[in-house]
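*Asks:* What follows is a predicted structure for the sequence shown.
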Amino acid sequence: MTLPQAGKIYGKGKDSSGKVSEAISAVSTRGRGERRNEMTQGEFRTKMLRAEALFKNEYPDYFRGYARGLRRKYHGERFGTEAEHEKWMGLVNDEIQDRREVGRGYQVGFNEI
């Protein structure tokens, strides 16, 4: 199974402003050079829905990690402990392929801006 690749275009859709945007593996809804450490509830929901539509069925382990990482990013320290966060971040180095996919998804979700 091939995992989603960073920067690869997986589909097109309309963003909240009605403009057509491309859905990439990072499921980014921001792309005009903006960088923030926080995301709005609307951005969180949009990213989660896009990820679910694009990855949940074909890449369930990646999606599970992405969804958890995105939740940690959005809710911050209110979602899980620091020890849990470190464990999930470290899954990319696991011996088991499925866990590595979960870890990769977690890191992408957590690093969303």
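*Replies:* Perfect, I can see it now.
*Asks:* all helices of the chain, in order?
*Replies:* 41-55, 60-75, 82-90, 97-110 (DSSP state H).
*Asks:* now those in JSON lines, with mean pLDDT?
*Replies:* Below are the helices of the chain laid out as JSON lines (pLDDT from 0 to 100):
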{"stretch": "helix 41-55", "mean pLDDT": "90"}
{"stretch": "helix 60-75", "mean pLDDT": "93"}
{"stretch": "helix 82-90", "mean pLDDT": "94"}
{"stretch": "helix 97-110", "mean pLDDT": "94"}
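*Asks:* show me what contacts Glu101?
*Replies:* 3, 59, 61-62, 65 (Cβ atoms under 8 Å, 6 or more residues apart in numbering). For glycine as for every other residue, the C-beta is placed from the backbone atoms N, C-alpha and C.
*Asks:* how many neighbours does Arg78 have?
*Replies:* If you count neighbours by other Cβ atoms under 10 Å, Arg78 ends up with 8.
*Asks:* Lys87 now?
*Replies:* 13.
*Asks:* what's the answer for the one 10 residues further on, then?
*Replies:* By other Cβ under 10 Å, 11 other residues sit near Gln97.
*Asks:* Could you check how far it is from His75?
*Replies:* 28 Å (Cβ to Cβ, to the nearest Å).
*Asks:* Next: Phe110.
*Replies:* 11 Å.
*Asks:* With neighbour numbers in mind, choose between the two.
*Replies:* Neighbour count, other Cβ under 10 Å: between Phe110 and His75, Phe110 has more, with 19 against 11.
*Asks:* right, and that one touches Ala67 too?
*Replies:* No. Assessed by Cβ atoms under 8 Å, Phe110 is found out of contact with Ala67, at 10.8 Å.
*Asks:* how close does Asn57 sit to Tyr66?
*Replies:* With Cβ to Cβ as the criterion, Asn57 and Tyr66 are 13 Å apart.
*Asks:* what does Thr81 give?
*Replies:* 20 Å.
*Asks:* When these two are compared, which one has more neighbours?
*Replies:* Shown here are Thr81 and Tyr66; by other Cβ under 10 Å, Tyr66 has more neighbours (32 against 9).
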